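return atomic coordinates for the entry below.
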Amino acid sequence: MALVFPEDLGDSQNGHAIGFTAYKSSVFAQSVGNLMSFGSLGVTDRLGLGTPQGSNLQAITTPQANIFMYVPAGGQTAMNWEQEHVYTDVKMARTVANFLGVGGALDAAGVGAAAGYAINPRIEVLFQTTRLREFDFVFLMAPQSENESLNMKSIIDTFRLYSAPRLMQGSWFFESPSEWKITFWQRRGGSWTENTNIPKIARGVISSVVATYPVPGGEYSTFSNGHPVSAMLSIKFHEMSIIHQDRIKSGY
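Numbering: from 1, shown residues only. Predicted coordinates for the structure are as follows:
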């Protein structure tokens with residue numbers, strides 16, 4: 001069963017939604033402290049190119065939880081799709097001069113300066129990597145009914161639950177936290193369809209969940225059932241794969 005906030009998500013005024021789906025981790029890693037054990041994973045599995053040996057495919061493709069909320073792009077924090085590519089500067093001329101043993105001599109003699117010229121360093125850049133993308137989502141939640149207050153608590157608890165590791169029974173080892181899939185939806189003709197006009201977000205993990213009571217600037221108070229009348233939910237999401245050209249062509 002999906003958790004929904006607010007209750008009127010999908011009506012004429014709230015025809016857009018963002019969905020969060022939690023899945024059992026596809027990386028069968030266990031950790032104790034800062035030590036990590038990958039079991040019987042092969043090289044391709046560590047690179048994310050294959051299915052871990054002995055894995056239960058159904059377990060990693062069956063949703064553990066579904067959450068649908070309003071799209072958090074308004075008065076709070078806008079959503080950003082940032083791609084950062086890392087390059088290294090390569091000073092070819094200086095490297096060659098030093099290799100030939102003439103760079104220092106030329107500098108000491110001031111040959112270039114005396115002639116009124118500067119040595120062209122021919123600075124070039126060498127591609128290194130593309131960083132994994134990060135996304136920050138901020139939801140301002142103000143329940144208008146008891147049912148919404150219950151949903152708010154359930155949503156916050158679910159994010160906290162599935163973003164945390166699980167202590168394996170009878171051991172000191174932690175099982176990796178769940179992975180998450182994020183999708184955007186829009187209401188069309190009485191039914192929900194995925195909105196492909198917004199770049200897709202690859203499967204990833206939630207590294208931070210912060211619940212703030214009440215929302216900034218508000219006064220702390222509760223309903224008769226004890227649930228806070230408002231909360232701010234902040235989520236930091238990290239993709240698990242690099243977005244390259246082929247993935248961009250596929251809508252990412």
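
how about the strands in the stretch 151-252 of the chain?
166-167, 174-175, 179-188, 191-194, 204-212, 231-239 (DSSP state E, counting those that start in this stretch).

which helices and strands sit right next to the fifth one?
When you say that, I think you mean strand 204-212. helix 146-162, strand 179-188, strand 231-239 (3 or more Cβ pairs under 8 Å, 6 or more residues apart in numbering; DSSP states H and E). Quick note: C-beta positions are derived from backbone N, CA and C, even for glycine.

hmm, try it at 10 Å
strand 134-141, helix 146-162, strand 179-188, strand 231-239 (3 or more Cβ pairs under 10 Å, 6 or more residues apart in numbering; DSSP states H and E).

what of the last one?
In terms of contacts (3+ Cβ pairs under 10 Å, 6+ apart), strand 231-239 is packed against strand 134-141, helix 146-162, strand 179-188, strand 204-212.

list the contacts of the residue lying closest to Ser154 once chain neighbours are set aside.
Nearest non-adjacent residue to Ser154, counting by Cβ to Cβ, 6 or more residues apart in numbering: Leu3, 5.4 Å away. Residues near Leu3 by Cβ atoms under 10 Å, 6 or more residues apart in numbering: 20, 65-69, 150-159.

sorry, back to before: any chance of the helices and strands packed on strand 231-239 in JSON lines, with mean neighbour count, mean pLDDT and distance to Gly170 too?
Listed next are the helices and strands packed on strand 231-239 as JSON lines, based on neighbours: other Cβ atoms under 10 Å; pLDDT from 0 to 100; distance: least, Cβ to Cβ, whole Å:
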{"stretch": "strand 134-141", "mean neighbour count": "18", "mean pLDDT": "94", "distance to Gly170": "36"}
{"stretch": "helix 146-162", "mean neighbour count": "18", "mean pLDDT": "95", "distance to Gly170": "21"}
{"stretch": "strand 179-188", "mean neighbour count": "18", "mean pLDDT": "93", "distance to Gly170": "25"}
{"stretch": "strand 204-212", "mean neighbour count": "16", "mean pLDDT": "96", "distance to Gly170": "26"}
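
format those as CSV; extra columns: distance to Ser26.
As requested, the helices and strands packed on strand 231-239 are exported to CSV (distance: least, Cβ to Cβ, whole Å):
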stretch, distance to Ser26
strand 134-141, 20
helix 146-162, 14
strand 179-188, 6
strand 204-212, 11
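
Thr77: which of these is closest?
Set against Thr77 and scored by Cβ to Cβ, the helices and strands packed on strand 231-239 come closest in strand 134-141, at 4.3 Å.

circling back: turn the strands of the stretch 151-252 of the chain into TSV, columns for distance to Leu126.
Shown next, in TSV, are these (distance: least, Cβ to Cβ, whole Å):
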stretch	distance to Leu126
strand 166-167	42
strand 174-175	38
strand 179-188	33
strand 191-194	38
strand 204-212	28
strand 231-239	24
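
out of those strands, which is closest to Ala73?
Comparing the strands of the stretch 151-252 of the chain by Cβ to Cβ, strand 179-188 comes nearest, at 10.2 Å.

sounds good, over and out.
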